[in-house]
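K.L.:
What follows is a predicted structure for the sequence shown.
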Amino acid sequence: MDERPVIILNSYGQPVGPTKKLVSEYSLFLGTLARNPEYLPLNYCDWPSVPDNAKDQVWDYVQRKYLISCEGKRWTLETLKEEWKGWKCRIKAKYYSPYATYDERWDKRPNTIPENQFKELLHYWDSEATKEESERNICNRQLATDMHTMGPTSFAFMREQLKQEDPNKEEPSKAKVYGHSRKRKPGKSYKTSFGEIAANIVRT
């Protein structure tokens, strides 16, 4: 417990230090934890359905690994939620969507997912209501073209970095954060043009 890495939070309870490496390691740790079906079972239809005691158990485990104040709980659970949802999406794309029948999907069940959880997932994804919702989500994702180019770097860390670089240590504007989060690498293709981003900066 005495050797736990310390996570520094900003005024919003978001990790910003002490180093970019440690903040990235913490985010990766949460991603690994979100994929552990013993802590966060996959057979809940959405995050609000996951019992509070399961979320508290995960938070307790996080605090055994990292020295992070209670102000960071909300951000940590939000990150776990997004990682958990993303993990379910990847499971569906790899073990459900490519196959046409229940038996085919069951034969491809990964050993890392308990049988009872995978069985409930298959039944959930097979329901007509879930299929209709999935189609709507696919259409909405196709409309999202203005994506950031920061990779695993969080907005919280970028804001803190820009604040420290400012001579007066002032919080960066939304336009500044937006512009830095959309920086382009020469020779790489992107979904949106820089002109579109420049227009968004002006509107911001």
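P.N.:
In hand now; what should we look at?
K.L.:
pLDDT below threshold where in this structure?
P.N.:
Low-confidence segments of the chain (pLDDT under 70): 1, 137-146, 150-152, 190-202, 204.
K.L.:
where do the helices sit along this structure?
P.N.:
For the chain, the helices defined by DSSP state H occupy 20-34, 52-65, 73-95, 102-107, 115-126, 128-143, 155-165, 174-181, 194-203.
K.L.:
Surely residue 84 touches residue 47?
P.N.:
Yes. With contact defined as CB atoms under 8 Å, residue 84 reaches residue 47; the gap is 6.7 Å. Just so you know, the C-beta spots here come from the backbone N, C-alpha and C atoms, and that holds for glycine as well.
K.L.:
got the CA coordinates for stretch 110-127 in CSV?
P.N.:
C-alpha atoms of stretch 110-127 as CSV (Å, rounded to 0.1, in the frame of the first residue of the first chain):
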residue,chain,number,x,y,z
PRO,A,110,-13.5,-17.0,-25.8
ASN,A,111,-12.3,-18.8,-22.7
THR,A,112,-12.0,-15.5,-20.9
ILE,A,113,-15.7,-15.0,-20.8
PRO,A,114,-17.7,-17.2,-18.4
GLU,A,115,-20.3,-19.4,-20.1
ASN,A,116,-23.3,-17.9,-18.3
GLN,A,117,-22.3,-14.3,-19.2
PHE,A,118,-21.7,-15.2,-22.9
LYS,A,119,-25.0,-17.0,-23.1
GLU,A,120,-26.9,-14.0,-21.8
LEU,A,121,-25.0,-11.8,-24.2
LEU,A,122,-26.0,-13.9,-27.2
HIS,A,123,-29.7,-13.8,-26.1
TYR,A,124,-29.5,-10.0,-25.6
TRP,A,125,-27.9,-9.3,-29.0
ASP,A,126,-30.5,-11.6,-30.6
SER,A,127,-33.5,-9.6,-29.4
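K.L.:
Give me the buried positions along that stretch.
P.N.:
For stretch 110-127, the neighbour count (16 or more other CB atoms under 10 Å) marks 113, 118, 120-122, 124-125 as buried.
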